[in-house]
Every structure is written in C-alpha cells, then in structure tokens.
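**Student:** What follows is a predicted structure for the sequence shown.
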Amino acid sequence: MIDGPYFVLTVLGVLGTGLVAGVFFGFSTFVMRGLAALPPAQGVAAMKSINVTVLAPAFMIAFVGSAVLCAVLAVVTFVLWPDEGTVELLLGSALYLFGCFGVTMVANVPRNEKLATMDPGTREAAAYWSSYVSEWTTWNHVRTAASAAAAISYVLALA
C-alpha cells in the first residue's frame with residue numbers, strides 16, 4: 001500500500017483532480033447551456049467575464065496546482081516504481097496532464113482568446129458564438145471526463 005508522503009501526494013491528487021472535474025462538470029451540464037440560451041451579445045459578454053474571473057487564485061491553484069502535483073506524482077512513480085498502484089498513478093497523471101491541462105491549452109484557451117477580442121454586440125461575435133459554444137463545450141466534456149478519470153485512477157492506486 002502507498003504510505004507516507006507518497007500517500008499524501010496521492011490523496012491531494014484525488015482532491016485536486018476531483019475538484020477540477022466538478023467545476024468542468026458544472027460548465028458542461030448547465031453553465032454553457034444557460035449561456036447558450038441567452039441572446040448572443042449577452043452570452044458573449046457573460047463568457048468573457050467568466051474567462052477573466054476564472055483566473056482568480058482559488059481556481060488557478062486547483063487547476064495548475066493539480067497539474068504540478070500530477071507531474072510530481074508521475075516523476076516520483078517512475079523513480080520509486082512502487083510494487084502497487086504504479087499503473088494507476090501513471091494513468092491518473094497522464095489523464096490529467098494531457099486530457100485536462102493539455103486540452104485546455106490547445107482547445108479551450110485559444111477559443112477564449114479569440115472570443116476576448118470580440119465586441120459582444122457585433123455581428124462577428126454573434127456569428128462566432130454558436131460555434132464557440134458547441135466546440136468549447138465538446139472539449140470541456142473531454143476535460144471533465146479526463147479529470148474525473150484521473151481522480152478515479154488515483155483512488156484505485158490507494159486501494
């Protein structure tokens with residue numbers, strides 16, 4: 001069984017990846033649907049505001065901190081190669097680092113950056129809004145599943 005500081009790191013991995021999965025689950029299941037139901041100018045303005053406020057320390061500590069923690073867990077696992085939980089720890093780390101953090105950087109952030117350049121009341125913003133909501137939400141589903149699967153994988157490593 002995993003013990004000592006390694007146990008604490010793994011429990012923190014469960015907590016961090018699970019928290020992030022919960023945030024993304026909320027966006028996938030009701031936030032984006034609510035924003036999509038608004039007139040485009042209002043939806044764009046609201047999402048632009050969300051994209052600024054998400055950079056607050058509370059979420060960034062959970063999101064980026066979990067990425068750092070997953071990287072540390074992967075390195076420690078490669079170095080120590082424990083008798084139990086190795087596959088689960090490496091899988092959990094890969095799921096979060098690539099399926100959540102990586103997808104955020106290559107799929108969601110570029111869409112957010114493009115939206116940030118648009119004036120909510122313009123035709124350009126209204127035209128982009130529909131595809132933004134669809135594509136952003138699709139990639140958010142991937143992030144949600146990857147984060148949740150990472151948390152489950154870490155829990156299995158502890159079992």
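**Tutor:** Received the coordinates, thanks. Residues are numbered from 1 along each chain as shown.
**Student:** List the contacts of stretch 132-141.
**Tutor:** By CB atoms under 8 Å, 6 or more residues apart in numbering, the surrounding residues in contact with stretch 132-141 are 24, 27-28, 32, 35-36, 43, 47, 103, 107-108, 111-112, 114-115. The C-beta positions use only the backbone N, C-alpha and C, and glycine is treated the same way.
**Student:** In this structure, where is pLDDT below threshold?
**Tutor:** The model of the chain has no residue with pLDDT under 70.
**Student:** What segments of this protein are helices?
**Tutor:** Using DSSP state H, the helices found in the chain span residues 4-26, 32-36, 40-53, 57-80, 86-94, 103, 109-116, 123-158.
**Student:** Now do the second one: which elements does it pack against?
**Tutor:** Helix 32-36 is packed against helix 40-53, helix 123-158, with contacts defined by 3 or more CB pairs under 8 Å, 6 or more residues apart in numbering; DSSP states H and E.
**Student:** Dump these into a markdown table; add mean neighbour count and distance to Cys70 as well.
**Tutor:** Shown next, in a markdown table, are those (neighbours: other CB atoms under 10 Å; distance: least, CB to CB, whole Å):
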| stretch | mean neighbour count | distance to Cys70 |
| --- | --- | --- |
| helix 40-53 | 17 | 24 |
| helix 123-158 | 19 | 7 |
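**Student:** Give the ChimeraX command for selecting the buried subset of the contacts of stretch 132-141.
**Tutor:** The following ChimeraX line selects those of the contacts of stretch 132-141 that are buried, judged by 16 or more other CB atoms under 10 Å:
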select :24,27,28,32,35,36,43,47,103,107,108,111,112,115
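**Student:** of the contacts of stretch 132-141, closest to Leu55?
**Tutor:** Among the contacts of stretch 132-141, Asn112 lies closest to Leu55 (CB to CB), at 10.4 Å.
**Student:** so how far is Ile2 from Leu156?
**Tutor:** According to CB to CB, to the nearest Å, Leu156 and Ile2 sit 11 Å apart.
**Student:** between those two, what contacts are shared?
**Tutor:** The contact sets of Leu156 and Ile2 overlap at Gly85 (CB under 8 Å, 6+ apart).
**Student:** check contacts around the residue lying farthest from the centre of the chain.
**Tutor:** When distances are taken from the C-alpha mean of the chain, Arg123 lies farthest, 30.2 Å away, according to CA atoms, centre = their mean. Applying CB under 8 Å, 6+ apart to Arg123 gives no contacts.
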